[in-house]
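Student: could you work out the structure for the sequence below:
(4 chains)
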There are 2 protein chains.
Amino acid sequence: MPARAATLTDVAKEAGVSLATASRALNGSDRVVRAELHARVLEAANRLGYTPNAQAQSMARGSSDLVGLLVNDIADPYFSTIAAGLASAAEEQGLLVMLCSTGGDPGQELELLAALRRQRGRAIVLAGSRIDDRAHLRKLSEQVDPFIEAGGRVAAISEPKLPVDTVVVDNKRAARDLAVRIGELGYRRPAVLTGPDELLVSRNRRDGFAEGWTGDAPIVVADEFNRDGGFNAMQRLVDSGPEVDCVFAVNDLMAMGAMAACRDRGIEVPRDLAVAGFDDISTLRDVTPALTTVRLPLTEMGRMALEMVLNDPVAKPRRRKVQGEVIVRESTPAR
Amino acid sequence: MPARAATLTDVAKEAGVSLATASRALNGSDRVVRAELHARVLEAANRLGYTPNAQAQSMARGSSDLVGLLVNDIADPYFSTIAAGLASAAEEQGLLVMLCSTGGDPGQELELLAALRRQRGRAIVLAGSRIDDRAHLRKLSEQVDPFIEAGGRVAAISEPKLPVDTVVVDNKRAARDLAVRIGELGYRRPAVLTGPDELLVSRNRRDGFAEGWTGDAPIVVADEFNRDGGFNAMQRLVDSGPEVDCVFAVNDLMAMGAMAACRDRGIEVPRDLAVAGFDDISTLRDVTPALTTVRLPLTEMGRMALEMVLNDPVAKPRRRKVQGEVIVRESTPAR
DNA sequence: TTGAAAGCGCTAACAC
DNA sequence: GTGTTAGCGCTTTCAA
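Tutor: This next block holds a predicted model:
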């Protein structure tokens, strides 16, 4: 057998019909093919194990059934849950997802975006925090704009920094709500474990919490936006020895790291110190003490982004705001 | 501006050279283009914001830079970690990953495999447990074989049920090792919380454990292969009231579910009951009590699969065995 | 070194 | 209804 897949031409020949008829019979069109020929074509296709070449189809049709998804890190449950939502919505639409994981590296982000662009998918979804860097945002636009100009569609799941349809989590508000609840629970001296300042999520969650807090301004310790960051930040916090009765880590992974650090230092959560996170990662819903956090509809957000990006484009970018819901659990008992 | 991206023809025209020259200047080839023309082409391309059309390139070249990845559920940390490994290896090779998540549904798996096949990527990686179903395996082969026949490459990360290169976890052996360790720790009456019998991973882990166990055969409770399955299985186990001093859940998610069920029933882990899992999901490394489990090099497995699938094909499918490492933590203290 | 032209596999006018 | 044919954007002989 040849190292070559059967083509439509092969099928047409085998069925004794024209290329056009074969195309119409197999891949639909308004034109109708006589039942007999139709059957003959299907049979031939079957016999030859014919599979349409989607690349050729997109070229000829001028439209593709690929959508790109760019995330910071697909191993991070935050993004993998979004990806799952987006992928399942894509499947329903008969679309295929091209996945790129940047590792949080802006340079990589640009390169992968370019790669996605080259594939001429019908849309690209950018998930992951925008960093507050004018130069980088400009470079992103240099990729995004021509893609849109050429008929592509782009949406983001992030802080609304790019002029594209965006699913935006109201981080500030949710963090504010959380601060209020923490206050109501009787805590008096909170600390915030935050990520790098350039990361907008991180900043907004921190600021939102501070806004919602009525007592003295919380102590803030910054580190990486992941588990190890939470661990390290917590260690530094403990070592600097301030009086603190509760800690808000700006995401669940950091909160887990923080709790691990507490354990290392003999601090018992929540007896000695309360801990709260953000995201409500489902894999972590069974940890003990159960983590107080802000629930985000991650799967839904992935679906929403796909929906937006498939909608007809509008002149003005749409914003779909998503609200987080404070979930109080054992890690922040009333005191 | 036109809703149409600049093409190579546009660039050639703009630079006042032939199509062929433009192609050679921009997208490399053995032929060398005179420096002056080269510069002129690059400039024109830049001015026009030209991006090569990867689809057209694949068609013309007869080879694509897409690889497909089919997983059971991208939201499951097991698969998202594998995907991360594979994606990062792919990036290094300048390849793009098309991601499909089947939801564990065999029908869906077939459809998505077909979709992947249509895209004419250079390779497809199938990650996820094979179910032991002759009819389904045959249908899979009906997709896989012609793809390979036509020059495509396929690899799997699973039990070696398909005649393709496979990264295979030695589940049986690792589970056996775990059983031995559990025995050495002083446990006497274990139960196994397993998944559906058709799932080969699930079965092999269960059987491996039983093999490694020297006392009376462990009680076995089967349910779904996920968190809720662990929860439900554990409830049923408790309700049926047998004497058990330790539980092996065949994956970490089930173990988490099992621990949650214990909490519900007032059983304290590990004081009243020890629990062990399998996979060593990184998101769960900080839970308390720390989970005894079998560590799998998931990221590495993703990389390995890509590597295999890009290697020259060999007549006989390769098998790369991966060993799990038993990690004893607090959830199974010596007693 | 450069250019003209023949495909790659398919769709969509356009004719019959 | 069905067939012919001109593209889609690119690479790659083959000549010049």
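Student: going by C-alpha atoms from here, please, whenever you check contacts or count neighbours.
Tutor: Fine.
Student: okay, now residue A:119: neighbour count?
Tutor: 25 (other Cα atoms under 10 Å in any protein chain shown).
Student: just the pLDDT for the nearest residue to it once chain neighbours are set aside.
Tutor: Using Cα to Cα, 6 or more residues apart in numbering or on different chains and skipping residues adjacent in sequence, the residue nearest residue A:119 is residue B:54, 5.0 Å away. As predicted, residue B:54 sits at a pLDDT of 97.
Student: one more: the one 3 residues further on?
Tutor: We have a pLDDT of 97 for residue B:57.
Student: what's the answer for residue A:2, then?
Tutor: On the pLDDT scale, residue A:2 gets 57.
Student: how about the residues of the stretch 51-200 of chain A near DNA strand D?
Tutor: Contacts of the stretch 51-200 of chain A with DNA strand D, taken as Cα under 7 Å from any atom of the strand, map to A:56, A:59-60, A:62.
Student: so which of those residues reach DNA strand C?
Tutor: Within these, those near DNA strand C by Cα under 7 Å from any atom of the strand are A:56, A:59-60.
Student: neighbour-wise, which of those residues leads?
Tutor: residue A:56 (18 neighbours).
Student: sec struct for the closest residue to that residue other than its chain neighbours, please.
Tutor: Among residues not flanking residue A:56 along the chain, residue B:59 sits closest, at 7.0 Å (Cα to Cα, 6+ apart). The three-state assignment at residue B:59 reads helix, by DSSP: H, G, I helix; E, B strand; the rest coil.
Student: all strands of chain A, in order?
Tutor: In chain A, the strands defined using DSSP state E lie at A:66-71, A:96-101, A:123-127, A:153-157, A:165-169, A:190-194, A:219-222, A:246-249, A:274-276, A:293-295, A:319-322, A:325-327.
Student: would CSV of those strands with distance to residue B:326 and mean neighbour count be doable?
Tutor: Below are those laid out as CSV (distance: least, Cα to Cα, whole Å; neighbours: other Cα atoms under 10 Å in any protein chain shown):
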stretch, distance to residue B:326, mean neighbour count
strand A:66-71, 32, 26
strand A:96-101, 30, 27
strand A:123-127, 36, 26
strand A:153-157, 39, 27
strand A:165-169, 40, 23
strand A:190-194, 33, 27
strand A:219-222, 35, 18
strand A:246-249, 31, 29
strand A:274-276, 31, 29
strand A:293-295, 32, 25
strand A:319-322, 42, 17
strand A:325-327, 35, 19
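Student: could those strands go into CSV alongside mean pLDDT?
Tutor: Formatted as CSV, the strands of chain A follow (pLDDT from 0 to 100):
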stretch, mean pLDDT
strand A:66-71, 98
strand A:96-101, 98
strand A:123-127, 98
strand A:153-157, 97
strand A:165-169, 97
strand A:190-194, 98
strand A:219-222, 98
strand A:246-249, 98
strand A:274-276, 98
strand A:293-295, 98
strand A:319-322, 97
strand A:325-327, 98
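Student: so can I have a markdown table of the residues of the stretch 51-200 of chain A next to DNA strand D showing distance to residue B:22?
Tutor: Formatted as a markdown table, those follow (distance: Cα to Cα, whole Å):
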| residue | distance to residue B:22 |
| --- | --- |
| A:56 | 23 |
| A:59 | 20 |
| A:60 | 23 |
| A:62 | 23 |
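Student: by proximity to DNA strand C, which residue of the stretch 101-250 of chain A wins?
Tutor: The nearest approach of the stretch 101-250 of chain A to DNA strand C comes at residue A:120, 14.1 Å away (Cα to the nearest atom of the strand).
Student: give me the number of residues near the residue nearest to residue A:119?
Tutor: If we define neighbours as other Cα under 10 Å, then residue B:54 has 19 of them.
Student: and for residue A:251?
Tutor: By other Cα under 10 Å, 27 other residues sit near residue A:251.
Student: against residue A:230, how distant is it?
Tutor: From residue A:251 over to residue A:230 the distance is 9 Å, taken as Cα to Cα, to the nearest Å.
Student: residues of the stretch 201-335 of chain A that sit close to chain B?
Tutor: A:253, A:256-257, A:259-260, A:283-284, A:286-288 (Cα under 8 Å from any Cα of the partner chain).
Student: and with 7 Å instead?
Tutor: Taking Cα under 7 Å from any Cα of the partner chain as the measure of proximity, the stretch 201-335 of chain A contacts chain B at A:256, A:260, A:286-288.
Student: same check on the stretch 1-150 of chain A?
Tutor: Counting by Cα under 7 Å from any Cα, the stretch 1-150 of chain A sits next to chain B at A:2-5, A:51-55, A:74-75, A:77, A:80-81, A:84, A:87, A:96-101, A:118-120, A:149-150.
Student: swap in 8 Å and give it another go.
Tutor: Residues of the stretch 1-150 of chain A found near chain B (Cα under 8 Å from any Cα) are A:1-5, A:49, A:51-56, A:59, A:73-77, A:80-81, A:83-84, A:87-88, A:96-101, A:115-120, A:146-147, A:149-150.
Student: what number of residues lie near the residue nearest to residue A:268 when sequence neighbours are not counted?
Tutor: Closest residue to residue A:268 apart from its sequence neighbours, by Cα to Cα, 6+ apart: residue A:262 at 6.7 Å. Using other Cα under 10 Å, residue A:262 has 19 other residues around it.
Student: quick one: residues contacting residue A:262.
Tutor: Residues near residue A:262 by Cα atoms under 8 Å, 6 or more residues apart in numbering or on different chains: A:234-235, A:268-269.
Student: with distance to residue A:332 and neighbour count as extra columns, can I get these in TSV?
Tutor: TSV is the format used below for the contacts of residue A:262 (distance: Cα to Cα, whole Å; neighbours: other Cα atoms under 10 Å in any protein chain shown):
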residue	distance to residue A:332	neighbour count
A:234	17	29
A:235	20	19
A:268	12	13
A:269	9	19
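Student: many thanks, I have nothing further to ask.
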